[in-house]
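Novice: have a look; sequence and predicted model below, questions after that.
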Amino acid sequence: MTTSPRLDDATIPIRIRQQARRRRRITPGRRVFIVVNGLILSAFALLCVLPFVNVLASSLATPGELATRAFILWPETFTLDAYRYIFSTPTIFRALGVSAVVTIGGTMISLVLTTLMAYALSKKYLKGRRVINFLVLFTILFSGGMIPTFIVVKNLGMMDTLWSLTIPVAINAFNFIIMRSFFQGIPESLEESARIDGCSELGVFWRIVLPLSMASIATIGLFYAVYYWNTYQSAILYINKSELWPIQVLLRQIVIVASGMNADETAVDIVPPAQSVRMAVIFVATLPMLLVYPFVQRYFVKGALIGSVKG
């Protein structure tokens, strides 16, 4: 009497993996789908990259080339005159420092306030949470407006201070909703076990909730950082001292001055054309965020989807 060979615990996972590989065998139709999908996504990615390449190439092109070519991807002759013009004054480094302080400090303040508020309002046992959540959601559709906000900032004594660029916009309603939805998806059993071990409410938030929320926090932090770095309208309204201008406002002044430059033959060799300066300004203002994004890119999709799907 013959018996089938006995499978031990070590061979069972191998058999399962082999069967899974057979099921995942790529069919001709799936192969065609992968190729077409890759071509379409590559075309969309190229459309996103080409404008930035054009901006960089135009900032490095000569005046004659800018006058004859409408779209430049690779300049025939490279020149750094536009960047020499922009960085010819030390005020731009001061403006970069102001923007860095506003971006780093404002992002930290916003993350602290947003996460604390979202965690508290994600608890069903919190009294009055429905009313507070409604008030937060109400601000997405309706706001006080520019003039009432200006009056509040002025009466609080924040004019001509960097606080005026961070405190009035410390909590964004959309970012708050994402964080609250993510906190609602964390199993309550984890928090209850921490409370049984003696953790306080802040201890549960610091030791349990925050480590599980790094993806969403990194994503929200990127949203806040981009907003603070691009701060423009608030600086125009609340900052009158030129030494406190962020980079966006200073670069606007540079573009205005460059637009008034003469285009005669004697000035072309000394000062770059306005178009080249504009492109260099765009590149300088965009580069810092492009350098930061690769470090948080792996958290971006995961954090945004987790926070928006749950809830």
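Specialist: Cool, the structure landed.

Novice: can I get stretch 128-140 as CSV, trimmed to CA atoms?
Specialist: Presented in CSV, the C-alpha positions along stretch 128-140 are these (Å, rounded to 0.1, in the frame of the first residue of the first chain):
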residue,chain,number,x,y,z
GLY,A,128,-19.1,69.3,22.0
ARG,A,129,-17.0,67.7,19.3
ARG,A,130,-19.8,67.9,16.7
VAL,A,131,-20.2,71.6,17.2
ILE,A,132,-16.4,72.2,16.9
ASN,A,133,-16.1,70.0,13.9
PHE,A,134,-19.0,71.9,12.2
LEU,A,135,-17.3,75.2,12.9
VAL,A,136,-14.0,73.9,11.4
LEU,A,137,-15.8,72.6,8.3
PHE,A,138,-17.8,75.9,8.0
THR,A,139,-14.5,77.8,7.4
ILE,A,140,-13.9,75.8,4.2
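
Novice: in that stretch, what counts as buried?
Specialist: For stretch 128-140, burial by neighbour count (16 or more other C-beta atoms under 10 Å) applies to Asn133, Val136. All C-beta atoms are positioned from the backbone trio N, CA, C, and that covers glycine.

Novice: okay, helices next: where are they in the stretch 151-300 of the chain?
Specialist: 173-184, 188-196, 201-204, 210-212, 214-229, 233-238, 247-259, 265-268, 274-309 (DSSP state H, counting those that start in this stretch).

Novice: what separation do you get for Gly145 and Thr139?
Specialist: Counting by C-beta to C-beta, to the nearest Å, the gap from Gly145 to Thr139 is 12 Å.

Novice: can I assume Cys199 is in contact with Arg207?
Specialist: Yes. At 6.4 Å, Cys199 counts as touching Arg207 under the criterion of C-beta atoms under 8 Å.

Novice: which of the two has more neighbours?
Specialist: Each of Cys199 and Arg207 has its neighbours counted (other C-beta atoms under 10 Å); Cys199 has more, 16 against 12.

Novice: which one of the helices of the stretch 151-300 of the chain has the lowest average pLDDT?
Specialist: Lowest mean pLDDT within the helices of the stretch 151-300 of the chain: helix 265-268, a mean of 37.

Novice: returning to what we had before: what's the closest of the helices of the stretch 151-300 of the chain to Phe93?
Specialist: Comparison of the helices of the stretch 151-300 of the chain against Phe93 by C-beta to C-beta identifies helix 247-259 as nearest, at 9.7 Å.

Novice: can you name every helix or strand that that closest one contacts?
Specialist: Counting contacts by 3 or more C-beta pairs under 8 Å, 6 or more residues apart in numbering; DSSP states H and E, helix 247-259 packs against helix 81-86, helix 91-121, helix 233-238, helix 274-309.

Novice: in that helix, what counts as buried?
Specialist: Ile247, Gln248, Val249, Leu250, Leu251, Arg252, Ile254, Val255, Ala258.

Novice: ok, the third one - contacts?
Specialist: Shown in contact with Val249 (C-beta atoms under 8 Å, 6 or more residues apart in numbering): Ala95, Tyr232, Ala235, Ile236, Ile239.

Novice: how many residues are close by the second one?
Specialist: Neighbours of Tyr232 under the rule other C-beta under 10 Å: 14.

Novice: that one reaches Trp245, doesn't it?
Specialist: No. Counting by C-beta under 8 Å, Tyr232 stays clear of Trp245, with 10.2 Å between them.

Novice: what about Trp74, which SS state?
Specialist: coil (DSSP: H, G, I helix; E, B strand; the rest coil).

Novice: for it, which residues are in contact?
Specialist: Applying C-beta under 8 Å, 6+ apart, the residues near Trp74 are Ala57.

Novice: likewise for Pro51?
Specialist: Taking C-beta under 8 Å, 6+ apart, one finds nothing in contact with Pro51.

Novice: tell me which element it is part of?
Specialist: helix 28-60 (DSSP states H and E).
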